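Undergrad: 3D, please:
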Amino acid sequence: MHKIAAALLLTLQMAAGADEAGFASLFDGKTLKGWKLVDGHGPGYVVQDGNIVCPAAGGGNLFTEKEFGNFAFRFEFVLTAGANNGIGIRAPYEGDAAYQGMEIQILDDGDKMYKGRIRPEQYHGSVYDVIPARTGYRKPLGVWNEEEIVANGRRIKVTLNGVIILDTDLGMVKEPEVLSHHPGLARPAGHIGFLGHGSLVEFRNIRVKELP
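TA: Numbering: from 1, shown residues only. From the prediction side, this is the model:
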């Protein structure tokens, strides 16, 4: 029986390793080497206990120095009450990343301050202001969540805690007003970044895999 259990554990470990094949870490756990702060607020972002932290009085855009086109981006995050952040993808350094690139929302959308005040495309995991994600799959405040964002051509997929909450083709967006407000939807590549708004959010296990 023990041999069977050991064999099963080894199989699961090998599968997990294969699932991570091709991923490279973007964070050394000690410094912000390889990252650039743009339009920082207060202390911006800091490294604490091996995590990238957006302090309550900090924020701004913390971008990778490298640009990415097609990729899978994996990370873990933990929220505090009412926390608001975002993942900028294919974004330039200049301008608002949510419009000049794209923003995948990071938000404690269950907080009372947002009830009845935000639109579906502003909930966690959404392509901000453009395409809504499924809701109800975040873990409680103070508990780490796992998320993956895949950008592959015009396809954007977001998986939260093992559940696909968004799987969309940007080509479905046809409204002229939306397209004019979001020219970044057409960008083929850019920086990945954390888009902080002065609330405490922590990130760890940050890695990326470039896709063809």
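Undergrad: so how far is residue 39 from the residue nearest the centre of the chain?
TA: Nearest to the mean C-alpha position of the chain, counting by CA atoms, centre = their mean, stands residue 87 at 3.8 Å. Distance of residue 87 to residue 39, given as CB to CB, to the nearest Å: 16 Å. All C-beta atoms are positioned from the backbone trio N, CA, C, and that covers glycine.
Undergrad: Could you do residue 181 as well?
TA: Note on residue 181: its distance to residue 39, by CB to CB, is 20 Å.
Undergrad: now residue 63
TA: 10 Å.
Undergrad: Tell me the pLDDT of residue 115.
TA: Looking at residue 115, its pLDDT is 89.
Undergrad: For the helix or strand that contains residue 36, which strands pair with it and how are they oriented?
TA: Per DSSP states H and E: residue 36 is located in strand 35-38. Strand 35-38 has the following strand partners under DSSP bridges: strand 59-68 (antiparallel).
Undergrad: Moving C-terminal from the partner strand, which element do we reach first?
TA: strand 71-79.
Undergrad: For the following helix or strand past that following strand, C-alpha coordinates in CSV please.
TA: Downstream of strand 71-79, the first helix or strand assigned by DSSP H and E is strand 84-91. In CSV, the C-alpha atoms belonging to strand 84-91 read as follows (Å, rounded to 0.1, in the frame of the first residue of the first chain):
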residue,chain,number,x,y,z
ASN,A,84,-7.6,47.4,-5.6
ASN,A,85,-4.7,46.5,-8.0
GLY,A,86,-4.4,45.0,-11.5
ILE,A,87,-2.1,43.2,-13.8
GLY,A,88,-1.1,45.3,-16.8
ILE,A,89,-0.3,43.2,-19.9
ARG,A,90,1.1,44.3,-23.3
ALA,A,91,1.4,47.7,-21.8
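Undergrad: in the chain, which spans are strands?
TA: Counting by DSSP state E, the chain has strands at residues 24-25, 35-38, 46-48, 51-54, 59-68, 71-79, 84-91, 102-107, 145-152, 155-160, 163-169, 190-197, 201-210.
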